[in-house]
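1. pasting a predicted model and its sequence here:
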Amino acid sequence: WVDILRIALNNGKHRPPPLVQRPADPAVISPQDPTLVIGSSLIAACSVNSDLHLKAEDLYWTLNGRRLPPESYKVLNGTTLSVALANLNGSRQQSGDNLVCHSRDGSILAGSCLYVGLPPEKPVNITCWSKNMKDLTCKWAPGTEGETYLHTNYTLKYKLRWYGRDNTCQEYRTAGQYSCHIPKDLALFTPYEIWVEASNRLGVAVSEVVMLDILDVVTTDPPADVTVSRVGDLEDQLSVRWSSPPALKDFLFQAKYQIQYRVEESSEWKVVDDVGNQTSCRLAGLRPGTVYFVQVRCNPFGIYGSKKAGIWSDWSNPTAASTPRSGEQHGPAAITMVGEEGKGPSESSTLARPAGHRGGDWGNVQPWGICQGPSSQLICMGHWRAGPGILQWERLQQGASGWQRVLGPWAWLPGGAWAPSWWERAR
Amino acid sequence: PVDHANLLSSASSSSSLSQQEVATKIKQTHRLTVLLKHCSEQLLAEYVRHQGEPFSSPDFQPPAVAVPGLPSPSVPPEPWQALSDGKRLWHLVAAYTTLPGLLGSVLRQQAELNPLASELHRQLEAAARQCRGLAGNLEGIMGALGVPGPPPPSSSLGGPPPSAFLAKMSGYHVCRLHRDWAMRSHEALGLLRTKYPL
């Protein structure tokens, strides 16, 4: 039946079935651990040890825990039962599908792991970059849109174009699953050939060879010391400054920069492309009173006279800043007046409002704000038309002889402005 | 093995640690067995997850036949309870000096069968380390109580690499053994703690 087995297998590779059972094994399955292409068929046989006094009719098969139909079984001899599997699907787990031979009571007599899949396809889209000309990181894509179902090993290899041996990259998965990092011993001004080999149990596939000079794929660190500040009182502008990445400062290159910015609530970045090689830029057309996040990145263009653009660095960490705002406060602003308990005005007899603005224009006459709280800490709330800045406050207090108007100190608005003491000591 | 029924008397004469120090060591070791109980359950669950059905099904019934090259637990449950503390410790040390090597073999096999299962590999390595630690602690307690320990295990883990299914099966048995011994050692140390309170 060994010959029947060999003929019946198609599209598969398998080790020749062992003809000797180890004394302790209750049964033996043949073939052991075969590797097969998806869609192929397989006939496997389970031979029980005659010491067990089991008959072939007493056996049944499962594949990954599911019982296989008896129609696919065939008794080959008194102690051997075969099963025919057709049109196999890709292996459910990389450790192999479990094809198991059971005795009637369910106990496991023997097993064989099936490895069903596809040979690897050529890896594609090899892209590489060098950080500051010191190293090389490459990444690639597997080349199958679907799965191979078998564990596939990738090896990145490289060599100098006109001489030298093949070198193998050692540090994998540094920039994603399909990547490798070459940390040192790289030559400049001379082209490298780079390729990726994919291998699994069913075969090997080699990518196209990519040729590159390290100097053509240089990237660098993001710009340092990025600061974003207001431009005076201008509500629609912010000024961005940075310094060029320090690692490449000794090399001849013309850096190109790019800025991107967005408002706090949005995830859409706006890109400023034509920054050139200055280290500052002014953003205009912005919304007043809004928080912006800003990032800058650098391209080491033309390093050592290379004609090609380099590779853009990562974006710098986002820096936040807000544009100034004048105009109406949204919602109530509050001013707190602090005094001694029992001395000074009570809440039912005090109103307050801003009465003067330092350094800005003043809107209409302000409405009175209502004060609440104990005399030690009155909080007055109102909707006032005033920009941020230093305001003078006035208080309206009801006394024995009617309402009295009292001018008070300067205090900062917005919200929670704090006047440190009563405007007048009780006489 | 010598009968160690009179553990206390031999302890006071031959131990170099005070009663207090022994009790502390027993308490620490008991804590270690709590950790091992938890980790060994997790390891078994993680292991079967990667081998596929039928290993990962809840009613998985492994064959009663021992897998070649793998020792089975040497003392069944009822006689275990009847042993003296010294004998129990002896068996525990024998198990925990053998388990690291077995777990190492499973790790090597799983590195080939499941090369991407890094969490499984990490847990197998941690389990071997924890077993070595526990063995050391137990040997310390045995020494303090004046109980001689078992001989070091023979390195019998060579031999031809098994087929993939046998590797999955023997790995299952090792992980389950590891869990069973963790439960036993937790029990045994619990008993010791009541006998040697702080």
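-> Cool, got the structure.
2. quickly find the element holding the residue nearest to residue A:234 when sequence neighbours are not counted.
-> Closest residue to residue A:234 apart from its sequence neighbours, by Cβ to Cβ, 6 or more residues apart in numbering or on different chains: residue A:324 at 7.3 Å. C-beta: built from backbone N, CA, C; applies to glycine. Residue A:324 belongs to no helix or strand when elements are defined using DSSP states H and E.
3. what number of residues lie near residue A:324?
-> Neighbours of residue A:324 under the rule other Cβ atoms under 10 Å in any protein chain shown: 18.
4. go ahead and confirm it touches residue A:235.
-> Yes. Contact criterion Cβ atoms under 8 Å: residue A:324 and residue A:235 qualify, at 5.2 Å.
5. phi first, then psi, for residue A:106.
-> Dihedral angles of residue A:106 (phi, psi; degrees, to the nearest 10) stand at phi 100, psi -10.
6. check contacts around it.
-> Going by Cβ atoms under 8 Å, 6 or more residues apart in numbering or on different chains, residue A:106 touches residue B:61.
7. ok, residue A:116 next?
-> Contact analysis of residue A:116 by Cβ under 8 Å, 6+ apart lists A:35, A:36, A:37, A:38, A:40, A:88, A:89, A:90, A:91, A:97, A:149.
8. ok so it is a strand residue?
-> Yes. Residue A:116 forms part of a strand when assessed by DSSP: H, G, I helix; E, B strand; the rest coil.
9. so what's residue A:277 up against?
-> Contacts of residue A:277 by Cβ under 8 Å, 6+ apart are A:254, A:255, A:256, A:257.
10. thinking again about what came up before, anything in contact with each of residue A:324 and residue A:235?
-> Each of A:288, A:289 lies in contact with both residue A:324 and residue A:235 under the rule Cβ under 8 Å, 6+ apart.
11. before we move on, back to that, lowest-confidence one in the contacts of residue A:277?
-> pLDDT is lowest at residue A:254 among the contacts of residue A:277; the value there is 78.
12. and residue A:84, that's in a strand?
-> Yes. Judged by three-state DSSP, residue A:84 forms part of a strand.
13. read off the pLDDT value for it.
-> Residue A:84 carries a pLDDT value of 96.
14. ok, now how distant is it from residue B:36?
-> Residue A:84 sits 46 Å away from residue B:36, taking Cβ to Cβ, to the nearest Å as the criterion.
15. and those two? Which one has more around it.
-> residue B:36 (24 against 14).
16. give me the element the more buried one is part of.
-> Assessed by DSSP H and E, residue B:36 sits inside helix B:19-51.
17. the next helix or strand after that helix: which residues count as buried?
-> Tracing the chain past helix B:19-51, the next element assigned as helix or strand by DSSP H and E is helix B:77-82. By 16 or more other Cβ atoms under 10 Å in any protein chain shown, the buried positions in helix B:77-82 come out as residue B:80.
18. need the CA coordinates for helix B:77-82. CSV is fine.
-> Extracted in CSV, the C-alpha atoms of helix B:77-82 (Å, rounded to 0.1, in the frame of the first residue of the first chain):
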residue,chain,number,x,y,z
PRO,B,77,-2.9,11.9,44.3
GLU,B,78,-4.0,9.8,47.4
PRO,B,79,-0.6,8.4,48.4
TRP,B,80,0.8,12.0,47.9
GLN,B,81,-1.3,13.3,50.8
ALA,B,82,0.0,10.5,53.0
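19. next one: that helix to chain centre, how far?
-> How far helix B:77-82 lies from its chain's middle: 17 Å, per Cα atoms, centre = their mean, to the nearest Å.
20. phi, psi of the residue in chain B that chain A sits nearest to?
-> Scanning chain B for the residue nearest chain A gives residue B:53, at 2.9 Å (criterion: Cβ to the nearest Cβ). Residue B:53 has phi and psi values of phi -70, psi 150 when expressed as degrees, to the nearest 10.
21. contact partners for it?
-> A:64, A:65, A:66, A:98.
22. how far away is it from residue A:31?
-> For residue B:53, the distance to residue A:31 (Cβ to Cβ) stands at 20 Å.
23. so what's residue A:405 closest to, chain neighbours aside?
-> Nearest non-adjacent residue to residue A:405 (Cβ to Cβ, 6+ apart): residue A:396, at 5.5 Å.
24. please apply the same query to residue B:113.
-> Once flanking residues are discounted, residue B:113 sits nearest to residue A:95: 4.2 Å by Cβ to Cβ, 6+ apart.
25. isn't the one you found right up against residue B:52?
-> Yes. Judged on Cβ under 8 Å, residue A:95 makes contact with residue B:52 at a distance of 6.4 Å.
26. make JSON lines from the contacts of residue A:277 and add neighbour count and secondary structure to it.
-> Listed next are those as JSON lines, based on neighbours: other Cβ atoms under 10 Å in any protein chain shown; DSSP: H, G, I helix; E, B strand; the rest coil:
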{"residue": "A:254", "neighbour count": "11", "secondary structure": "strand"}
{"residue": "A:255", "neighbour count": "23", "secondary structure": "strand"}
{"residue": "A:256", "neighbour count": "19", "secondary structure": "strand"}
{"residue": "A:257", "neighbour count": "25", "secondary structure": "strand"}
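27. now the two most distant members of these.
-> Maximum pairwise distance among these (Cβ to Cβ): 10.6 Å, between A:254 and A:257.
28. could you pull out the strands for the stretch 301-427 of chain A?
-> Assigned by DSSP state E, counting those that start in this stretch, the strands in the stretch 301-427 of chain A fall at A:319-322, A:333-338, A:350-357, A:369-372, A:377-382, A:389-399, A:402-413, A:417-419.
29. where in chain A is pLDDT low?
-> Residues of chain A that meet the criterion pLDDT under 70 lie in A:1-24, A:145-146, A:252-253, A:326-349, A:357-365, A:375, A:383-391, A:409-427.
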